[in-house]
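**Q** Below is the sequence, then the predicted model.
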Amino acid sequence: MVQRVLPFLKDKLTLIHYNFNSDNINWSVLSILRFLLSFIVAAEHLKKYFNSNIINTISWFGAFEAILGFLLISGFSIGSSITQNPVGYFKRRIYRIYPVYITCLVISITIYKPLFDVYFVYLLLINLFFLNHIVINSSIIGPSWSLSLEVWLYTLAPYIRKLSYKILLSLILFSFTSYLIYTIGRSIWDWVYFSGTQWGINLILLSFMWLIGFVFAIFKNNRKETANYIIYLFLMIFSYSILIQFAYRLKNNDVRLFLSNDLLAFIGKGVLIVVILSLMYFSFKKNKLPSKVRAVFNFLGDISYPLYLLHLPVYEWCQFNGISRWFSYLGISILLSIVVYLVVDFYSKVRSSN
């Protein structure tokens, strides 16, 4: 019995059942993953306003791990796009990014009501050209710090595409090593979180996850090898975080807190990593989802971009207007995201396809 079961389990736990060479990707699977990741980030930011068991449970999965998932999917999507249709690449990116981004900037400014002076015009221009976190260390739309990172990677994509597999792996290793060093610095010397950096160092610190997704897309013959590298990266990030937290508790004689509190938090992050990897690789399965399910998943994926950008200003508006239910904060954020998608993003997609 054991001799039959063990080979079966070993076979199922490998990546051989995924047809990574196929171009028939279930993008709807990645769409629902994008929505789940943006929802987790929105829940994390909602903790500032509410102490709710439901919100704490959703954010338990880890906002930073969600951002890493975004970067992975983004790199893979861009790599697939530029490989299949390099003509008009920059035009497609502009249509995809700017209509929603500018709309969200207008909504944010309307809600925050900043002082319109010369300095604000300067800040606005910086944000419009995604120089936030390069020239300055903040953004008008808080979550757009990661979008700024992605935009510069979009810009570099045609040049990155020309590099060899080995050179790209070397760049990924360099970026990941920089991330490990910086993470230690955040623990020992209180270096700022990634959303508070400038001089473009996020491009060095976090591009490894976007690049591995990009490599996964453009080097089809190496996809199984790259898929394993993706697993290794997530495992090392997860293990590294646990190790740092344990060292912190050990230094302060709080090992009991590590066992009673910290490990529980890491379980949530581990679950999210498993979900990201599972859905990423399941998108290569031949199994086709029902058309109605695909339509729902695609729609939720489409509103994830405006939801990611809009939820913080919506929270501020809700608090200013005395709204006292957490589900109203999330509900209004989702409804506004749907409106932005239907009025702006959907229209821009139609234009870019003509």
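**A** Arrived safely, thanks for sending.
**Q** so what's the residue most central in space within the chain closest to, chain neighbours aside?
**A** Centroid check for the chain by Cα atoms, centre = their mean gives F70 as the closest residue, at 2.1 Å. Distances taken as Cβ to Cβ, 6 or more residues apart in numbering place L37 nearest to F70, at 5.5 Å, with adjacent residues excluded. C-beta coordinates here come from the backbone N, C-alpha and C atoms, glycine included.
**Q** Packing partners of the helix or strand hosting the one you found?
**A** According to DSSP states H and E, L37 maps onto helix 27-46. With contacts taken as 3 or more Cβ pairs under 8 Å, 6 or more residues apart in numbering; DSSP states H and E, helix 27-46 sits against helix 53-59, helix 63-84, helix 263-282, helix 291-320, helix 326-340.
**Q** For the shortest one, give the mean pLDDT please.
**A** Read that as helix 53-59. Along helix 53-59, the predicted confidence averages to a pLDDT of 93.
**Q** low pLDDT regions in the chain?
**A** 1-23, 286-287, 346-354 (pLDDT under 70).
**Q** which ones are touching F258?
**A** Applying Cβ atoms under 8 Å, 6 or more residues apart in numbering to F258 gives the contacts Q245, F246, R249, L250.
**Q** F284 versus P99, what's the distance?
**A** Separation of P99 from F284 (Cβ to Cβ, to the nearest Å) stands at 31 Å.
**Q** after the strand or helix carrying L203 comes which helix or strand?
**A** Using DSSP H and E, L203 sits in helix 201-205. Next helix or strand after helix 201-205 toward the C-terminus (DSSP H and E): helix 207-218.
**Q** buried stuff in that next one?
**A** Buried residues in helix 207-218, counted by 16 or more other Cβ atoms under 10 Å: S207, F208, M209, W210, L211, I212, G213, F214, V215, F216, A217, I218.
**Q** ditto for stretch 317-330
**A** Neighbour-count burial for stretch 317-330 [16+ other Cβ under 10 Å]: W317, C318, I323, W326, Y329, L330.
**Q** quick one: which of those is nearest I55?
**A** The shortest gap between I55 and any of these belongs to W326, at 5.8 Å (Cβ to Cβ).
**Q** Quick check: the closest one touching N56?
**A** No. Contact criterion Cβ atoms under 8 Å: W326 and N56 do not qualify, at 10.6 Å.
**Q** Could you pull out the residues contacting both of those two?
**A** Counting by Cβ under 8 Å, 6+ apart, nothing touches both W326 and N56.
**Q** so how far is P313 from the closest residue to I54 other than its chain neighbours?
**A** Spatially, and ignoring its direct neighbours in sequence, I54 is nearest to W326 (7.5 Å; Cβ to Cβ, 6+ apart). Per Cβ to Cβ, W326 is found 17 Å from P313.
**Q** Would you mind confirming that the residue nearest to the centre of the chain makes contact with L36?
**A** No. Using Cβ under 8 Å, F70 is not in contact with L36, being 10.7 Å away.
**Q** quick one: contacts for the residue nearest to the centre of the chain?
**A** So F70 contacts R34, L37, S38, S146, E150, Y308 (Cβ under 8 Å, 6+ apart).
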